[in-house]
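In: Predicted structure and sequence below. I'll ask about it afterward.
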Amino acid sequence: MKRTIQRIPVVTLLAVFLFVVMGIMPAMAALTSDTARYAPSSGTGTATSTDTATATATSTDTATATATSTDTATATATCAPSSPSSVGSGGCTPTATATSTVTATATCTPSSPNSVVPGGCTPTATKTATATATCEPSARSTGASDCTPTATATRPAEIHVRGTVKEVITGSVTIDDMTFQTDANTKYEPNAAAVVVGAYVEVEGYKLPGEGTILLAKEISVEHAPGAEVEKIEFRGPILSFSDTQWVVAGKTLSITAQTVISGTPAVGAIAEVKASRLSDGTLVALKIKVESAKHETERVEFKGIISAFSDTQWTVGGKNVIVDANTVISGTPQIGLMAEVRAIKSGAILTATKIVVQKPEPQKVEFKGTITAINGNTWTIGGKTVTVDAQTMIDESHGAAKVGATVEVLGSMMGDGSVRAIRIQVERSK
């Protein structure tokens with residue numbers, strides 16, 4: 001039997017080939033897409049933050065400045081192929097974290113005083129300070145110069161005094177009761193060797209800022225050598241005491257020399273006019289003393305009054321000003337508002353105290369009712385007040401026992417600390 005082979009037309013074969021090819025291409029495209037989907041990708045992001053830095057510059061002067069700057073940080077991150085959603089450069093969000101150190105420069109305006117520490121701020125010197133800028137949020141550039149605060153120093157208070165040198169040691173000089181620090185920048189006139197105990201000097205300096213009182217000498221000028229005359233003074237007052245070598249007039253002690261000219265007859269209480277020379281060490285040397293004739297009779301007086309003011313040289317008692325000197329005997333501790341008894345010599349309108357007795361304040365009597373809330377030995381708490389009970393306190397328990405919870409009536413004396421010293425405690429009848 002003869003088989004007949006049917007030939008497939010070329011057109012048909014071509015159509016089948018095209019069909020197969022069209023079916024394979026989408027699958028290959030999908031495979032390519034999955035490969036790209038799970039491949040690593042990178043992305044670039046920009047973060048901006050504003051930071052504030054505060055710096056303090058310390059020299060002889062102290063200044064604080066605050067500077068604010070804005071910076072931008074750029075970071076590049078590579079995202080792991082964790083999920084299909086990471087496709088593309090926007091699939092990851094980078095962050096950047098950094099800190100920076102800034103510096104501050106202190107400018108002295110006007111010129112600051114000599115520093116008490118080496119390398120301190122002088123008229124042309126500068127000081128530096130460091131500060132760490134904290135950034136919020138975490139993004140921050142790494143540049144060290146993105147914040148640069150500057151500080152302007154404040155000027156310390158100037159001080160100008162004249163007085164007698166009491167002590168000289170390395171690094172300091174005491175003028176009367178004020179101690180000045182000195183250093184290599186302190187200027188002396190005529191020289192440092194002339195600044196000795198007893199010399200009368202003029203000091204220009206500064207009171208430095210900060211805790212306590214720090215005085216710094218800028219320049220010390222010697223005006224008078226020890227024992228030299230500083231000035232001539234004149235005053236008038238009652239004679240409180242006198243001898244061949246020393247008088248006390250109006251509370252001032254005078255040295256009497258062979259050159260002192262005295263006219264009139266001295267007597268305690270008599271009025272004297274004095275011309276004297278003040279030496280560099282503070283001593284008063286009498287040049288001339290004139291004792292006035294007794295046109296003002298002296299008398300001894302006594303009076304009491306309230307102390308309204310007091311000092312080393314004068315008190316005000318009962319509205320009267322009273323001279324106080326080394327010869328005045330004072331009993332008790334003075335306090336404004338207390339009563340004082342004064343014995344004085346009156347010469348004209350001048351009162352010179354010979355003795356002052358400050359009287360202790362009389363206790364203030366108080367009376368109140370309250371409940372006993374605590375008893376601790378001799379210390380009771382009644383109505384919120386601390387009450388001291390002693391052997392002299394009379395306790396009336398005729399209406400009940402004096403115990404915690406009982407209501408009592410208290411008569412006592414108010415003490416200086418606010419407590420009450422009980423004179424009588426009476427228990428009230430319970431209701």
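Out: That came through fine.

In: okay, now the nearest residue to Gly370 once chain neighbours are set aside: neighbour count?
Out: Distances taken as C-beta to C-beta, 6 or more residues apart in numbering place Gly383 nearest to Gly370, at 2.0 Å, with adjacent residues excluded. Just so you know, the C-beta spots here come from the backbone N, C-alpha and C atoms, and that holds for glycine as well. Other residues near Gly383 number 15, with proximity taken as other C-beta atoms under 10 Å.

In: Next: Ile330.
Out: The burial count for Ile330: 15, using other C-beta under 10 Å.

In: Can you name the residues bridging to it?
Out: Using DSSP bridges, the bridge partners assigned to Ile330 are Ile356.

In: in stretch 165-185, what counts as buried?
Out: Neighbour counts over stretch 165-185 (16 or more other C-beta atoms under 10 Å) mark 165-166, 173-175, 179-182 as buried.

In: if we can go back for a sec, for the residue nearest to Gly370, report the pLDDT, please.
Out: On the pLDDT scale, Gly383 is placed at 93.

In: Also Pro156?
Out: 77.

In: With Lys187 instead?
Out: If you check Lys187, the pLDDT there is 95.

In: Also Thr44?
Out: Thr44 is given a pLDDT of 44.

In: Pass me the low-pLDDT residue ranges in the stretch 251-400 of the chain, would you?
Out: Flagging of the stretch 251-400 of the chain using pLDDT under 70 yields the residue ranges 293-297.

In: Where do the strands of it begin and end?
Out: Along the stretch 251-400 of the chain, counting by DSSP state E, counting those that start in this stretch, strands occupy 252-255, 261-263, 271-279, 284-291, 298-310, 314-317, 320-323, 329-331, 339-347, 350-358, 364-376, 379-382, 385-388, 394-396.

In: Extract the C-alpha trace of the third one and format it as PDB.
Out: The reference is to strand 271-279. Taking C-alpha atoms only, strand 271-279 is exported to PDB below (Å, rounded to 0.1, in the frame of the first residue of the first chain):
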ATOM      1  CA  ILE A 271      37.700 121.800 124.600                       C
ATOM      2  CA  ALA A 272      40.900 121.900 122.600                       C
ATOM      3  CA  GLU A 273      41.600 123.000 119.100                       C
ATOM      4  CA  VAL A 274      44.200 120.700 117.400                       C
ATOM      5  CA  LYS A 275      46.500 121.100 114.400                       C
ATOM      6  CA  ALA A 276      48.300 117.800 113.700                       C
ATOM      7  CA  SER A 277      50.400 116.000 111.100                       C
ATOM      8  CA  ARG A 278      49.200 112.600 109.900                       C
ATOM      9  CA  LEU A 279      52.200 110.300 109.100                       C
END
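
In: if I pick the residue nearest to Val427 when sequence neighbours are not counted, what's in contact with it?
Out: Excluding its sequence neighbours, the residue lying closest to Val427 (C-beta to C-beta, 6+ apart) is Gly400, at 4.6 Å. Residues in contact with Gly400 (C-beta atoms under 8 Å, 6 or more residues apart in numbering) are 406, 427-430.

In: And for Val387?
Out: Residues in contact with Val387 (C-beta under 8 Å, 6+ apart) are 379-381, 410, 412, 419-422, 425.

In: give me the number of residues near Ala272?
Out: Ala272, neighbours per other C-beta under 10 Å, totals 24.

In: so it bridges to which residues?
Out: Gly237, Val291.

In: Touching, it and Lys290? I think so.
Out: Yes. Taking contacts as C-beta atoms under 8 Å, Ala272 lies within contact range of Lys290: 6.5 Å.

In: Residues in contact with both of these two, list them for me.
Out: Counting by C-beta under 8 Å, 6+ apart, the residues touching both Ala272 and Lys290 are Gly264.

In: Relative to Ala286, how far out is the residue nearest to Gly370?
Out: From Gly383 over to Ala286 the distance is 66 Å, taken as C-beta to C-beta, to the nearest Å.

In: on that earlier part again, ok, which of the strands of the stretch 251-400 of the chain comes nearest Glu204?
Out: Smallest distance to Glu204 across the strands of the stretch 251-400 of the chain (C-beta to C-beta): 21.9 Å, for strand 271-279.

In: No more questions from me, cheers.
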